[in-house]
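Asker: Could you look at this predicted model? Sequence included:
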Amino acid sequence: MTLSDLGWNAVFEEAFGPFYKAGWVPARLTRDNKITYGALTGDGDEYEAVMCGKVYHDAETDAELPAVGDWVALEVGGEDAEHVIRARLPRQTCLSRKMAGKSTEEQVIAANVDVVVVVTDAGTDFSLRRMERYFTIIARSGAKAVVLVNKSDLYEKEDNEAAAEEIRALNPAADVHITCATKKRSLAVLRQYLTKGRTVTLIGSSGVGKSSVLNQLLGDEYQWVDEVNELTGKGRHTTTARELIILPKGGVLIDNPGIKEVQMWTNEVILREGFADIEALSLQCQFGDCKHGKDKGCAIRAAMEAGELDAGRMEGFLKLDEEIEKLRRSQKKRQMTVERRSKRELQARVRVYEKRRDPDHELEPRER
Ligand SMILES: Nc1nc2c(ncn2[C@@H]2O[C@H](COP(=O)(O)OP(=O)(O)OP(=O)(O)O)[C@@H](O)[C@H]2O)c(=O)[nH]1
Ligand SMILES: [Zn+2]
């Protein structure tokens, strides 16, 4: 493995200049364990690293703290010494979300992502409004947008093509492909983005086929080996799964919980947007804390009485927070199910691994 396999380029090299003299090495962050980070160097070694005080204090906002995908200057510690992140290099792109409510607070999901692949389909998941949200996030990040109209086998050819065409019209800069993630050959179109050192991430609603795409890209064998190593540790002290993976045929893939949150957040924003007109009306209510019931000077009630506002939509607006809370709960529940499932799968893999390491396993007489 070399640094360029990990995404290193001339711009980073230039920025790193002064750090070489200090004896520090370039490393890319693979995991964020809250207290420590996983840091991968060009020779393929992964270190559990802590951030030095300067990096922490120099960050004026959380968004400036190191995140998965960032390039850092790493001081590799000797025996018993900690590995320390001494500096973070400027980001070339930054996938982030602005926290709901606190519109100025930005949460970084992944740094230095070159391509964001949005997975959708021509059927139940298809929504231009949702796609618009994704495009906004991607445009802000600086990454290239690629869309897969997946599950092509489930819909008519014309429907798939019409969906792709509408998405292209929405964002002419995006590449839109029709795919079927259950057929490996269909995903060959993705290879053009997965060139050496290019960093890719996948987003999209639950159930559209992101994991299926991922599994095809990783290949069964690769995924198996990687996860077993993760678990057996081999001196690695791994506390959480790696979020940045080097693909066997080139390219870097970032997959982390923050990406799932994008989807949750996007749905929330869309739900809110649907009531933007009522939200605007509420600003004209006489009292800032108007509950829009019998309150004096309520602009919303006035609009309803004047027949300008539908009672059903008004009810929807009043239930908005409740709906969003419901959405959050159901998504959280789903995520927990997925996590439990993958944990079970991992345990099964470890058992298989143990057996393979010990070929006589089955032959040993059972103790009674
Ligand atoms: N027919 C068909 N089924 C597909 C295709 N892609 C994925 N699926 C199936 O759709 C289901 C959901 O796919 P996943 O890959 O788990 O979806 P996901 O986007 O990772 O979902 P979350 O993990 O919930 O975010 C699985 O049963 C897949 O086998 C496709 O192209 N065609
Ligand atoms: Zn009111």
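Answerer: Here it is on my side, so go on. Treat the numbers as computed from the prediction; the structure is a model and nothing was measured. Ligands and ions are numbered 1, 2, ... in the order given.
Asker: Any idea how many residues pack against E322?
Answerer: 9 (other Cβ atoms under 10 Å). C-beta coordinates here come from the backbone N, C-alpha and C atoms, glycine included.
Asker: Report the secondary structure element holding it.
Answerer: Assigned by DSSP states H and E, E322 belongs to helix 320-357.
Asker: same thing with E48?
Answerer: Once you assign secondary structure using DSSP H and E, E48 falls within strand 46-51.
Asker: For that strand, what does the pLDDT average out to?
Answerer: The pLDDT scores in strand 46-51 average 92.
Asker: What pairs with it, parallel or antiparallel?
Answerer: Applying DSSP bridges, strand 46-51 is found paired with strand 37-41 (antiparallel), strand 83-88 (parallel).
Asker: Present those strands as JSON lines; the columns should include mean neighbour count, distance to E308 and mean pLDDT.
Answerer: Putting these into JSON lines (neighbours: other Cβ atoms under 10 Å; distance: least, Cβ to Cβ, whole Å; pLDDT from 0 to 100) gives the following:
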{"stretch": "strand 37-41", "mean neighbour count": "24", "distance to E308": "54", "mean pLDDT": "94"}
{"stretch": "strand 83-88", "mean neighbour count": "20", "distance to E308": "52", "mean pLDDT": "95"}
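Asker: Of all those strands, which one is nearest V208?
Answerer: Nearest to V208 among the strands paired with strand 46-51 is strand 37-41; the distance by Cβ to Cβ comes to 28.2 Å.
Asker: quick one: pLDDT of the nearest residue to G251 once chain neighbours are set aside?
Answerer: The shortest distance from G251 to any residue that is not its chain neighbour, by Cβ to Cβ, 6 or more residues apart in numbering, is 3.1 Å, and that residue is L194. Per-residue confidence for L194 comes out at a pLDDT of 93.
Asker: What about L194, how many residues nearby?
Answerer: L194 is flanked by 20 other residues according to other Cβ under 10 Å.
Asker: What parts of the chain come near ligand 2?
Answerer: Taking Cβ under 5 Å from the ion as the contact definition, the chain meets ligand 2 at C285, C290, H292, C298, I300.
Asker: Between which two of those residues is the distance greatest?
Answerer: C290 and I300 (7.9 Å).
Asker: Name the residue in these two with the higher neighbour count.
Answerer: Here C290 and I300 are compared on neighbour count by other Cβ under 10 Å; more neighbours surround I300, at 22 against 18.
Asker: Please identify the helix or strand for that one.
Answerer: Counting by DSSP H and E, the element that carries I300 is helix 299-305.
Asker: by contact count, what packs against whatever helix or strand comes next after that helix?
Answerer: Remark: after helix 299-305, the chain's next helix or strand is helix 311-318, criterion DSSP H and E. Judged by 3 or more Cβ pairs under 8 Å, 6 or more residues apart in numbering; DSSP states H and E, the packing partners of helix 311-318 are helix 276-282, helix 299-305.
Asker: what's the last one packed up against?
Answerer: Helices and strands touching helix 299-305, by 3+ Cβ pairs under 8 Å, 6+ apart, are helix 276-282, helix 311-318.
Asker: Show residues contacting the shortest one.
Answerer: Translated: helix 276-282. Contact with helix 276-282 is made by R272, C290, H292, A299, I300, A303, L309, R313, M314, F317, as judged by Cβ atoms under 8 Å, 6 or more residues apart in numbering.
Asker: ok, back up a step: ramachandran angles for the residue nearest to G251?
Answerer: Backbone geometry at L194, expressed as degrees, to the nearest 10, gives phi -100, psi 50.
Asker: quick one, what contacts it?
Answerer: Going by Cβ under 8 Å, 6+ apart, the list of residues near L194 reads V200, L217, L247, K249, G250, G251.
Asker: how about TSV for the residues you listed, with secondary structure added?
Answerer: Supplementary listing: the contacts of L194 in TSV, determined by DSSP: H, G, I helix; E, B strand; the rest coil:
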residue	secondary structure
V200	strand
L217	helix
L247	coil
K249	coil
G250	coil
G251	coil
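Asker: Switch the helices and strands packed on helix 311-318 over to TSV; also include distance to E75 and mean pLDDT.
Answerer: What follows is the helices and strands packed on helix 311-318, written out as TSV (distance: least, Cβ to Cβ, whole Å; pLDDT from 0 to 100):
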stretch	distance to E75	mean pLDDT
helix 276-282	50	88
helix 299-305	59	92
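Asker: Which one of those helices lies nearest to G258?
Answerer: For the helices and strands packed on helix 311-318, distance to G258 was read as Cβ to Cβ. The smallest value, 26.1 Å, belongs to helix 276-282.
Asker: From ligand 2, how far out is the closest residue in space to L253 that isn't next to it in sequence?
Answerer: Using Cβ to Cβ, 6+ apart and skipping the chain neighbours, the partner closest in space to L253 is I245 (4.8 Å). Counting by Cβ to the ion, to the nearest Å, the gap between I245 and ligand 2 amounts to 51 Å.
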